[in-house]
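Colleague: When you get a sec, could you give me coordinates for this:
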Amino acid sequence: MADNVNNPPHYNQSGIECIDAIRAALGDEGFKSYCQGNAQKYLWRHNYKGKPVEDLDKAIWYITRLRNEILKEHSKDEDTHEF
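Modeller: Below you'll find the predicted structure:
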């Protein structure tokens, strides 16, 4: 069965994940805004499409991706500090 939250098959065409192409096109700040916006979208409409748990899982997926991006930035910042 397809995993429509973590790895939707319709988002992987020609060997590249759509999310990776979007990340490359938007850069760091744009991608973080994209993740935030998508999380808000799925939270907003979770009661209206007939699959509320799936939409909430998608919101969590985008929040987690945003969190990981921010953690990655903070990790880089800590690596550049000299003691």
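Colleague: What lies in contact with stretch 28-43?
Modeller: 22-23, 26, 55-56, 58-60, 62-63, 65-66, 69-70, 73 (C-beta atoms under 8 Å, 6 or more residues apart in numbering). The C-beta positions use only the backbone N, C-alpha and C, and glycine is treated the same way.
Colleague: Now the buried members of the residues you listed.
Modeller: Buried by 16 or more other C-beta atoms under 10 Å: 23, 55, 58-59, 62-63, 65-66, 69, out of the contacts of stretch 28-43.
Colleague: Would you format the residues you listed as a markdown table with secondary structure included?
Modeller: Formatted as a markdown table, those follow (DSSP: H, G, I helix; E, B strand; the rest coil):
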| residue | secondary structure |
| --- | --- |
| 23 | helix |
| 55 | helix |
| 58 | helix |
| 59 | helix |
| 62 | helix |
| 63 | helix |
| 65 | helix |
| 66 | helix |
| 69 | helix |
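Colleague: quick one on the thing from earlier: max pairwise distance over the contacts of stretch 28-43: which two?
Modeller: Taking C-beta to C-beta as the measure, these span a maximum distance of 27.5 Å, between 55 and 73.
Colleague: sorry, back to before: could the buried ones among the contacts of stretch 28-43 be laid out in JSON lines, adding distance to residue 38 and pLDDT?
Modeller: As requested, the buried ones among the contacts of stretch 28-43 are exported to JSON lines (distance: C-beta to C-beta, whole Å; pLDDT from 0 to 100):
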{"residue": "23", "distance to residue 38": "12", "pLDDT": "95"}
{"residue": "55", "distance to residue 38": "11", "pLDDT": "96"}
{"residue": "58", "distance to residue 38": "8", "pLDDT": "96"}
{"residue": "59", "distance to residue 38": "8", "pLDDT": "98"}
{"residue": "62", "distance to residue 38": "4", "pLDDT": "98"}
{"residue": "63", "distance to residue 38": "9", "pLDDT": "98"}
{"residue": "65", "distance to residue 38": "9", "pLDDT": "97"}
{"residue": "66", "distance to residue 38": "9", "pLDDT": "98"}
{"residue": "69", "distance to residue 38": "13", "pLDDT": "95"}
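Colleague: now those in a markdown table, with distance to residue 31?
Modeller: Supplementary listing: these in a markdown table, determined by distance: C-beta to C-beta, whole Å:
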| residue | distance to residue 31 |
| --- | --- |
| 23 | 5 |
| 55 | 21 |
| 58 | 16 |
| 59 | 17 |
| 62 | 11 |
| 63 | 14 |
| 65 | 9 |
| 66 | 9 |
| 69 | 7 |
